[in-house]
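*Asks:* Below is the structure, and that's it, no one-letter string:
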């Protein structure tokens, strides 16, 4: 059996294991079920072990199957990573594709990218908005080269660096009684208020992060509504419909009657992460990393520099 066949067999096996059904796996792989069953049987014959419990519904992995699954997932991820990295090395015109969550553009990300463009005009830089959750497969498949997000997402093929912890602020209408608390408010002051959270989908997201923050302080929101995006949430606040918790950088969004107030709880922060493929040691990514801290220094932003 050649290497290409081995990798293809592993992909078939992983899909069947995850779908727990030959029928569903065949649909996902766009092949007929009988050939898929034969491929799995060939793999079992090659290894001399059973990978699935016969007769189980849904399909269950044997102990040997579980062992193979754990390692097959890593092998497939590494193969995709090597493929995308090889393509990158062979490019005449180098392109750096940056995935980002929308809220980061209101902060320093736009300045970082601008500095990066100025310092490295030979690079083609593409910005692609996507959630932190979607950035992980995009990195592994080579659709982006670096991702900026706010969620802690772990994956063995991804290197994640905490860049900084951004303070959270409360957005309120000027007529709201909390607008008088210029020095700041605590999360406990907000539990009875109508709070707009964003985005609504997909989960987990910044909305989940805020709900978890309240839970961390043993607090529960009595009245909240999830909306599609930050602009809609702040528009509703400006209309006097409720309040909203946002990262400090969002205060650059100025609407009539909209006020921003500090949230004083120690853990009221939103982390900013940079994610890359573990195997990516390219000078282009290292240069972007340097630009990040150059902007942080200019803005006197506190951070703990991590070696890249």
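*Replies:* On my side now, so go ahead. Every value quoted in this text rests on a predicted model; they were computed, and no experiment measured them.

*Asks:* which residues in the stretch 151-300 of the chain form helices?
*Replies:* Assigned helices in the stretch 151-300 of the chain, in chain order: 206-216, 230-238, 283-298 (criterion: DSSP state H, counting those that start in this stretch).

*Asks:* So which of these is nearest residue 142?
*Replies:* helix 283-298 (13.3 Å; CB to CB). Bear in mind the C-beta positions are built from the backbone N, C-alpha and C, glycine included.

*Asks:* Need the residues that contact that closest one.
*Replies:* Helix 283-298 has contacts (CB atoms under 8 Å, 6 or more residues apart in numbering) with 94, 96, 98, 108, 111-112, 115-116, 119-120, 123, 145-146, 161, 163-164, 274, 276, 301, 303, 305, 308.

*Asks:* Show the buried residues in those residues.
*Replies:* 94, 96, 98, 108, 112, 115-116, 120, 145-146, 163-164, 274, 276 (16 or more other CB atoms under 10 Å).

*Asks:* and residue 198, how far is that from residue 14?
*Replies:* Look at residue 198 and residue 14: by CB to CB, to the nearest Å, they are 34 Å apart.

*Asks:* With neighbour numbers in mind, choose between these two.
*Replies:* Per other CB atoms under 10 Å, whichever of residue 198 and residue 14 has more neighbours is residue 198, with 23 against 17.

*Asks:* Verify the stated contact: that one with residue 230.
*Replies:* Yes: shown here, residue 198 and residue 230 form a contact pair, counting by CB atoms under 8 Å, at 5.3 Å.

*Asks:* excluding its backbone neighbours, what's nearest the residue nearest the centre of the chain?
*Replies:* Among the residues of the chain, residue 132 comes closest to the average C-alpha position under CA atoms, centre = their mean, at 1.5 Å. Nearest-residue entry for residue 132: residue 149, 3.0 Å, with adjacent residues in sequence omitted and distances by CB to CB, 6 or more residues apart in numbering.

*Asks:* repeat for residue 62
*Replies:* Nearest residue to residue 62 in three dimensions, chain neighbours excluded: residue 50, at 5.3 Å (CB to CB, 6+ apart).

*Asks:* buried sites along stretch 44-62?
*Replies:* So, applying 16+ other CB under 10 Å, buried residues of stretch 44-62: 44, 51, 52, 59, 61, 62.

*Asks:* Would you pull up how far that stretch lies from the middle of the chain?
*Replies:* On the basis of CA atoms, centre = their mean, to the nearest Å, stretch 44-62 sits 34 Å off its chain's mean C-alpha point.

*Asks:* Check what contacts that stretch and list those residues.
*Replies:* 1, 9, 13, 16-17, 20-22, 40, 43, 64-65, 68-69.

*Asks:* ok, residue 198 to residue 268 distance?
*Replies:* 17 Å.

*Asks:* nope, residue 288 is what I meant
*Replies:* Distance from residue 288 to residue 268, by CB to CB: 29 Å.

*Asks:* Comparing the two, which residue is more hemmed in?
*Replies:* residue 288 (25 against 22).

*Asks:* In this structure residue 144 contacts residue 134, no?
*Replies:* No: contact between residue 144 and residue 134 fails when scored by CB under 8 Å: they sit 9.5 Å apart.

*Asks:* Between those two, which is the more surrounded one?
*Replies:* Comparing residue 144 with residue 134 by neighbour count (other CB under 10 Å), the higher total belongs to residue 144, at 26 against 18.

*Asks:* For the more buried one, give me its contacts.
*Replies:* 97, 98, 99, 128, 130, 135, 138 are the contacts of residue 144 under CB under 8 Å, 6+ apart.

*Asks:* what kind of secondary structure is it in?
*Replies:* Classification of residue 144 using DSSP: H, G, I helix; E, B strand; the rest coil returns coil.
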